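Q: Turn this into a model:
(one chain, ligands or ions: 2)
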Amino acid sequence: MLPGDGIGAEVMPHVLRVLEATHVDKLDIEFNEGDIGGVAIDRHGVPLPEVTLDEARASDAVLLGSVGGPTWDHLPMDQRPEKGLLGLRHGLDCFANLRPATTFPALVHASSLKQELVENLDILIVRELTGGIYFGEPRGEETIDGVRRAFNTDVYDETEVRRIAKVAFDLARTRQGRVCSVDKANVLEVTALWRNIVEEVHADFRDVELSHMYVDNAGMQLVRQPRQFDVIVTGNMFGDILSDVAAMLTGSLGMLPSGSLNADSVGIYEPVHGSAPDIAGSGVANPLATILSGAMMCRYSLGAPEVAAQIERAVGRALSQGFRTQDIAPRSSHREVRLVGTESMANAVITAMRPAYDLW
Ligand code: IPM
Ligand code: MG
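A: Ligands and ions are numbered 1, 2, ... in the order given. The predicted structure follows:
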């Protein structure tokens, strides 16, 4: 468990309470806690201490809060809290980042899009997480003849593309059976290779429907007709951007979980949202994205899909009972809405998990 900074650290104890309250006997998780991000910089001088990486490597899964905040914004790029997160993803080789964007019926009104466009939305973004421009070399900054320049390299080799494409096709088989691969193959060589390799991998998944889309069009289609998508597979940078867009379709970034898996199904589970320094410490943060990340952890790394389903059902119930944190509360006042903070929202989920509720 790596609570990290800002609302991550604030929300984590409540997420633990939810996990401990699941009433499925098989789940017997042993937790230990480590430092990452800004808090690790303060305590150990680096955003990802060796001991954190070692303990993460010795675990079946990592549940992470969030990293970063204004306190550390002045630090050079390679010493910032975000580096801790990137180092952890890379250190565990968690290349497959799963970012579901689903709407809860109780929240369709919270979306900035019309209700009829986002009802029953169920998109899964499969983002490559350990390659591409985030990690490509050479990278850096230099001054030539008094002119400052900076550069990064977007690079993928075929093994990296092949393994993420396989993950996407495999997952599509458990869903609607459609994969849309997003690239910029009309301009960038690296994504032209991406497209070719995805086509090659598709030969083993003929039962899955494959389409390709340029990233600019994908951004537009996501806000035009989001339900056309089932699984979207894309590189690190495009996935970063499109997953924020997809998140907002569901009403709030505060709702979205994510999981990042390596080849051994060890995973890092974290909310898509950041550390929200503007509200950190005031007890109002929405804990649901991290609670749902805990559910994903049960499903994908701990072999306990029934626990995952139990938590997800309880979140749905808490919402339909009217519990809302401020980020998902309707702007006009509704009598049925109960505006609550972090702790009460977690309590509502725990209450909704009680066995009696399963009779619903
Ligand atoms: C995300 C975040 C991270 C990323 C940052 C915090 C490094 O935006 O998980 O989407 O860009 O991957
Ligand atoms: Mg992001």
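
Q: Check which helix or strand the residue most central in space within the chain maps to.
A: Centroid check for the chain by CA atoms, centre = their mean gives Ser258 as the closest residue, at 2.7 Å. Per DSSP states H and E, Ser258 falls inside strand 257-261.

Q: Name the strands paired with that strand and say parallel or antiparallel.
A: Paired neighbours of strand 257-261 in the sheet (DSSP bridges): strand 96-102 (antiparallel), strand 267-271 (antiparallel).

Q: Show residues contacting it.
A: 89, 94-100, 129, 167, 243, 267-272, 289-293, 295-297, 300-301 (CB atoms under 8 Å, 6 or more residues apart in numbering). From N, CA and C alone the C-beta is placed, and that goes for glycine too.

Q: Would you list the buried entries among those?
A: 89, 94-100, 129, 167, 243, 267-272, 289-293, 295-297, 300-301 (16 or more other CB atoms under 10 Å).

Q: just the strands in the stretch 151-300 of the chain please.
A: For the stretch 151-300 of the chain, the strands defined by DSSP state E, counting those that start in this stretch cover 178-183, 209-214, 231-234, 257-261, 267-271.

Q: can I get these in a markdown table with mean pLDDT and distance to ligand 1?
A: Converted to a markdown table, the strands of the stretch 151-300 of the chain look like this (pLDDT from 0 to 100; distance: least, CB to the nearest ligand atom, whole Å):
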| stretch | mean pLDDT | distance to ligand 1 |
| --- | --- | --- |
| strand 178-183 | 98 | 15 |
| strand 209-214 | 98 | 20 |
| strand 231-234 | 98 | 13 |
| strand 257-261 | 96 | 7 |
| strand 267-271 | 96 | 7 |
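
Q: Distance to Thr143 added to those strands, as TSV?
A: Output for the strands of the stretch 151-300 of the chain, formatted as TSV (distance: least, CB to CB, whole Å):
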stretch	distance to Thr143
strand 178-183	33
strand 209-214	35
strand 231-234	34
strand 257-261	36
strand 267-271	37
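
Q: what's the closest non-adjacent residue to the residue of the stretch 201-350 of the chain found nearest ligand 1?
A: Closest approach between the stretch 201-350 of the chain and ligand 1, counting by CB to the nearest ligand atom: Asp240, at 4.5 Å. Leaving aside its chain neighbours, Asp240 sits nearest to Arg127 (6.9 Å; criterion: CB to CB, 6 or more residues apart in numbering).

Q: So that neighbour belongs to a helix, correct?
A: No. Counting by DSSP: H, G, I helix; E, B strand; the rest coil, Arg127 is not found in a helix; it is strand.

Q: Show me the shaky parts of the stretch 1-150 of the chain.
A: Along the stretch 1-150 of the chain, the parts satisfying pLDDT under 70 run over 24-26.

Q: Up against ligand 1, what does it have?
A: Contacts of the stretch 1-150 of the chain with ligand 1, taken as CB under 6 Å from any ligand atom, map to Glu82, Leu85, Leu86.

Q: now with 8 Å?
A: Val67, Gly68, Glu82, Leu85, Leu86, Arg89, Asn97, Leu129, Tyr134 (CB under 8 Å from any ligand atom).

Q: measure Val62 to ligand 1 for me?
A: The spacing between Val62 and ligand 1, counted by CB to the nearest ligand atom, to the nearest Å, is 14 Å.

Q: give me every residue that touches the nearest residue to that residue once chain neighbours are set aside.
A: Distances taken as CB to CB, 6+ apart put Ile268 closest to Val62, at 4.5 Å, once the chain neighbours are dropped. By CB under 8 Å, 6+ apart, the contact set of Ile268 is Ala56, Ala61, Val62, Leu64, Leu88, Arg89, Leu92, Cys94, Gly259, Ser260.

Q: can you pick the most crowded of the residues you listed?
A: Among these, the one with the most neighbours (other CB atoms under 10 Å) is Leu64, at 28 neighbours.

Q: List the beta-bridge partners for that one.
A: Here Leu64 sits in beta bridges with Leu2, as judged by DSSP bridges.

Q: any idea how far it lies from Ile36?
A: Taking CB to CB, to the nearest Å as the measure, Leu64 and Ile36 are separated by 7 Å.

Q: what touches both of the two?
A: Joint contacts of Leu64 and Ile36 (CB under 8 Å, 6+ apart) are Leu2, Gly4, Leu85, Leu88.

Q: Would you reformat the strands paired with strand 257-261 as CSV and include distance to Ser252?
A: What follows is those, written out as CSV (distance: least, CB to CB, whole Å):
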stretch, distance to Ser252
strand 96-102, 11
strand 267-271, 11
